[in-house]
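Trainee: coords please:
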Amino acid sequence: MSRAKIGAVVVIVVAVLTGAAYELSTQRLEGGIHREVDARVARAEDLVTKISALESLDIITRAQAFARDEALTRAIGTTDRAARDDLGQQAIQRFQAALGNAAKPDFLALVDAKGAVVIADSPLPDSDDLKSRFKSVAAALDSGQISKDVWAYGKSTVKVGVAPVNDAATGERKGAALVGYAISDKEAQEHARSLGTEIVFFSGGNVVATSFQKSVIEDLGRVPELKQLVDDTLAGKKNSPIEARVGGETYVAAAGLLPLNFADRSSGAIVMESLTRALEPVATVRYTILLLGLAALIVALLTMFVTARLILHQAEDIELGVAEIINGDVDYTFKPVGADFDGLANSLNVMLARLLGRPEPGELEEADTQAAKVVLEEEALPAGARMSNDPEIVALASEPEAQYYRRLYDEYIAARKALGENVEGVTFESFTAKLRLNEANLKKKYSCKAVRFRVQTKDKQVTLKPVPIL
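Mentor: This is a model prediction of the structure:
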C-alpha cells in the first residue's frame, strides 16, 4: 500500500473515531442534562405548590391573630372617627410588633359588616364595598369563614388573608380583618434563590411578577409555548415540562396553580430553567473532542512523516542495492542502512555470498575480494545479424551449456594463472552464478535470446567479453 493510501486510511480512521466519540459522548451528555433539567423543573414546580400552601396557611393564621385584637371590635363599635383611628392604629402596631423579623404585610385593614374599610395602615383603592366584590370577604362576614384568596386589587395582585372580627362578649360578627401581601418581583426573586430556577407568577393569564432581572417576559401571548402551558394549567390539565424560547435562550418550564385560594382559580406560577446554559458544558466537550481528534490526526501524520524519514529511506537504500545487482553489479555489497533494516541487509549479503560462492560477511572477505573478482568487458558490438553468421559464434552458441561453463571456467582460471594472479577465491559455482546474473541483464540490453562469453587477455588483465546470440 502506498504512503498516500496509508495516509488516507489514517485520516479516515481518525475522523471516524473522532466523529463516533463526538456523537456518542455529546448525545449521551445532552440526554442526561435534558433529563436532569426536566426533573429539577418538575421538583421546583412541586415545591412552589407546597411553599405556597404553607404561605397560605401562614397568611390565614396572621389574619386570625389580627382579628382577635379587641381594639378592632371597639373600633368598629365607636362612632368617633379619631377614637376609631387610634384604636385601629394600636391594633396594627401590636400586630406588626408581634411579627418580629417576619415579612411585613403590604396592607392591614378592618372592614365593617357591610364590607366598607374603616381602618387601614395605608390608603386603599375601592374601599367602600369589598363584600360584594370579593367572595372571601362576604364569606367571612356572612358565615365566619376564615380564608385566603388572591385578589386583583388596584394595580396589584395580592394574596389576602380574611378572618371575621367577633364581639368577645356576644360572639356577634362585627366585621373582618384583612392581611394582604402583594405578589412582587422581589418575592419571585426570593423564591428563585430557594428553588434554583426562575419563576413567573401569573393571574388571569397575565404576568404578575417574575424573578428575571430583565423584563424578558411581560406578555405570555408573545411566548406561545408558555401561553399554551398556562391555558392547559388553568383548564386543569397536568402537563410534563415543556421547552420554550425566551430572551434568546431555550427554557424548560412547568406550571401549577397557587393552592388554598378561596375563590380564585386563575393564579399560579411557572418555574423555568435555562436549558441553553445547562448545555454549555456540552459545547466544551464538543470542542475538546474535536481538538483531541485534530491533535490525534496531526500526531498520526507526523508519525508517518518521521517513519518515512527514518525508516522508509532505509528500505529505499535496500531497493537501490537490489537494482544495482539486477543491472549486473554482482560484486555489490549491501551497506548498513539503519537499525531497522541492518538485519535484512546482512541477510541479503549472506544470500549473495552463497549464490555467488564468495566468502560470507566476516569470513576473510577483504583478503579474497580482489582474487574472486571477475571482470567483464563491454564494448560497442556490431549488428546481431553479422555476428550470427560468424562460424565461431555459431559454434559457441551450439556448445552444450554444462560443457560451455566448465570450458569457460577452465580457460579463465588458466589465463589468470598465466599472468600470475591469485585465483583462490574464484570457485566454479561463484563464477557460474556471476555469469548467469550478467547474462540476464545483457539479454535485455542487446535484445537477444542468449549471451555467452569469451576469455580474453588485454593489458595484462583477464576479462570476459560478452557475445550476443540472436
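
Trainee: Count the neighbours of the residue lying closest to Q64 once chain neighbours are set aside for me.
Mentor: Closest residue to Q64 apart from its sequence neighbours, by C-beta to C-beta, 6 or more residues apart in numbering: A163 at 4.6 Å. The way it works is simple: take the backbone N, C-alpha and C, and place the C-beta from them, glycine included. Counted by other C-beta atoms under 10 Å, the residues lying close to A163 total 25.

Trainee: Need the phi and psi values for A163.
Mentor: phi -140, psi 140 (degrees, to the nearest 10).

Trainee: which residues touch it?
Mentor: By C-beta atoms under 8 Å, 6 or more residues apart in numbering, the contact list for A163 reads I60, A63, Q64, F66, A67, A140, I146, A176, A177.

Trainee: Go through those residues and name the one nearest L396.
Mentor: For these, the residue nearest L396 by C-beta to C-beta is I60; the value is 131.6 Å.

Trainee: Tell me where the protein has strands.
Mentor: 107-112, 117-120, 147-153, 156-166, 173-182, 198-203, 206-210, 242-246, 249-257, 267-274, 450-458, 461-469 (DSSP state E).

Trainee: Let's have those strands in TSV, adding distance to R43 and mean pLDDT.
Mentor: What follows is these, written out as TSV (distance: least, C-beta to C-beta, whole Å; pLDDT from 0 to 100):
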stretch	distance to R43	mean pLDDT
strand 107-112	33	95
strand 117-120	40	93
strand 147-153	24	95
strand 156-166	23	95
strand 173-182	25	95
strand 198-203	13	94
strand 206-210	20	93
strand 242-246	16	93
strand 249-257	9	95
strand 267-274	9	95
strand 450-458	96	89
strand 461-469	98	88
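
Trainee: could those go into a markdown table alongside distance to F95?
Mentor: Below are those laid out as a markdown table (distance: least, C-beta to C-beta, whole Å):
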| stretch | distance to F95 |
| --- | --- |
| strand 107-112 | 7 |
| strand 117-120 | 12 |
| strand 147-153 | 17 |
| strand 156-166 | 12 |
| strand 173-182 | 8 |
| strand 198-203 | 26 |
| strand 206-210 | 25 |
| strand 242-246 | 40 |
| strand 249-257 | 29 |
| strand 267-274 | 25 |
| strand 450-458 | 128 |
| strand 461-469 | 130 |
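
Trainee: Could you work out which of these reaches nearest to A440?
Mentor: A440 lies closest to strand 450-458 among the strands of the chain, at 8.6 Å (C-beta to C-beta).

Trainee: how close does the residue positioned nearest the centre of the chain sit to E280?
Mentor: The residue lying closest to the centre of the chain (C-alpha atoms, centre = their mean) is R286, at 2.6 Å. Going from R286 to E280 by C-beta to C-beta, to the nearest Å gives 11 Å.

Trainee: Okay, now the unreliable bits of the protein?
Mentor: 1-4, 25, 308-310, 312, 328-331, 339, 354-388 (pLDDT under 70).

Trainee: Can you check which helix is longest in it?
Mentor: helix 3-67 (DSSP state H).

Trainee: got the angle for that helix vs strand 147-153?
Mentor: 110 degrees (axes from the mean of the first three to the mean of the last three C-alpha atoms, to 10 degrees).

Trainee: dump the residue contacts of the residue in the chain sticking out farthest from the centre.
Mentor: Computed with C-alpha atoms, centre = their mean, the residue of the chain farthest from its C-alpha average is P391, at 86.0 Å. By C-beta under 8 Å, 6+ apart, P391 lies in contact with nothing.

Trainee: check contacts around I76.
Mentor: R84, L110, D112, A113, V118, V165, K174, G175.

Trainee: looking at it, the fourth one is touching K174, isn't it?
Mentor: Read that as A113. Yes: counting by C-beta atoms under 8 Å, A113 touches K174, with 6.5 Å between them.

Trainee: of the two, who's got more company?
Mentor: Using other C-beta under 10 Å as the criterion, A113 and K174 rank with K174 on top: 21 against 16.

Trainee: Now that one: closest residue in space, sequence neighbours ignored.
Mentor: I76 (4.5 Å).

Trainee: Just send the contacts of I76 back as a markdown table, with distance to V223 too.
Mentor: Formatted as a markdown table, the contacts of I76 follow (distance: C-beta to C-beta, whole Å):
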| residue | distance to V223 |
| --- | --- |
| R84 | 49 |
| L110 | 41 |
| D112 | 44 |
| A113 | 45 |
| V118 | 44 |
| V165 | 44 |
| K174 | 48 |
| G175 | 43 |
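
Trainee: now the residue nearest to Q64, which residues is it bridged with?
Mentor: A177 (DSSP bridges).

Trainee: Verify the stated contact: D219 with F202.
Mentor: No: at 10.8 Å, D219 does not count as touching F202 under the criterion of C-beta under 8 Å.

Trainee: okay, the two: which has more neighbours?
Mentor: F202 (26 against 12).

Trainee: Now for E392, how many residues are close by?
Mentor: 10.

Trainee: who are the neighbours in contact with it?
Mentor: Counting by C-beta under 8 Å, 6+ apart, E392 has no contacts.

Trainee: try V48
Mentor: Counting by C-beta under 8 Å, 6+ apart, V48 has contacts H191, L195, I199, G256, A269, V271.

Trainee: any idea how far Q145 lies from A163?
Mentor: 9 Å.

Trainee: Same check on T427?
Mentor: Taken as C-beta to C-beta, the span from T427 to A163 is 129 Å.

Trainee: Nearest residue to I413 in space, please, no chain neighbours.
Mentor: V423 (5.3 Å).

Trainee: Can you report how many residues lie near the one you found?
Mentor: 16.

Trainee: How about the contacts made by the closest residue to the residue nearest to the centre of the chain other than its chain neighbours?
Mentor: Computed as C-beta to C-beta, 6+ apart, the closest residue to R286 that is not its neighbour in sequence is T26, at 5.6 Å. Neighbouring residues of T26 by C-beta under 8 Å, 6+ apart: V282, V285, R286, I289.

Trainee: Now which of the residues you listed would you call buried?
Mentor: For these, a burial check counting by 16 or more other C-beta atoms under 10 Å picks out V282, I289.

Trainee: Can you list which of the contacts of T26 are found in helices?
Mentor: V282, V285, R286, I289.

Trainee: Does the last one touch T18 like I think?
Mentor: Meaning I289. Yes: in this structure, I289 is within contact of T18 by C-beta under 8 Å, at 6.5 Å.

Trainee: that older thread, I'd assumed Y22 was in contact with the residue nearest to the centre of the chain.
Mentor: Yes: the criterion here is C-beta under 8 Å, and R286 meets it with Y22 at 6.6 Å.

Trainee: out of the contacts of T26, which one sits closest to L320?
Mentor: Lowest distance from L320 to the contacts of T26 (C-beta to C-beta) belongs to I289, with 44.5 Å.
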